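Chemist: Okay, sequence plus prediction incoming.
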Amino acid sequence: MKKIIEQVEGEGLEALLGEQVVLFCANYIYSGKLLGVNADDILLENPKVVYETGELTANSFTDAQPLPGNWYIRITFIESYGKVTHD
């Protein structure tokens, strides 16, 4: 039998609140400052759709287009994510 012996709060998306993140989703790549997280959605400030990343270690994306206002993204479509040092 497998049992959970420790539950850790504040990992995953919650640990990145307030940080600049990139999200690889089912159809698009998004970038922005992570403002909010709940069970269904995340909220990005100064969001962008990234159409071309270029080198992932570069100082900026090759083609990232701004979205109007803050933007919500459904968590179920996120495949991977992480903190970045640029927008």
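Modeler: Looks like it came in fine. Residues are numbered from 1 along each chain as shown.
Chemist: Who does Val21 form a beta bridge with?
Modeler: Beta bridges link Val21 to Gly32, Lys83 when assigned by DSSP bridges.
Chemist: where does this structure have low pLDDT?
Modeler: Filtered on pLDDT under 70, the chain yields the residue ranges 2-8.
Chemist: at 90 instead, please
Modeler: Residues of the chain meeting the criterion pLDDT under 90: 1-12, 56-58, 85-87.
Chemist: helices or strands up against the longest strand seen in it?
Modeler: If you go by DSSP state E, the chain has its longest strand at strand 41-52. The elements that strand 41-52 packs onto, with contact taken as 3 or more C-beta pairs under 8 Å, 6 or more residues apart in numbering; DSSP states H and E, are strand 20-25, strand 29-37, strand 63-66, strand 71-74. No exception for glycine: its C-beta is placed from N, CA and C like everyone else's.
Chemist: That strand to strand 20-25, inter-axis angle?
Modeler: Angle, strand 41-52 to strand 20-25, by axes from the mean of the first three to the mean of the last three C-alpha atoms, to 10 degrees: 80 degrees.
Chemist: Please identify the buried residues of strand 41-52?
Modeler: Within strand 41-52, the residues scored as buried using 16 or more other C-beta atoms under 10 Å are Ile42, Leu43, Leu44, Pro47, Lys48, Val49, Val50.
Chemist: which of those residues sit farthest apart?
Modeler: Largest separation among the buried residues of strand 41-52 by C-beta to C-beta: Leu43 and Val50, giving 17.5 Å.
Chemist: my guess is Glu14 contacts Asn38, does it?
Modeler: No: using C-beta atoms under 8 Å, Glu14 is not in contact with Asn38; the gap is 10.2 Å.
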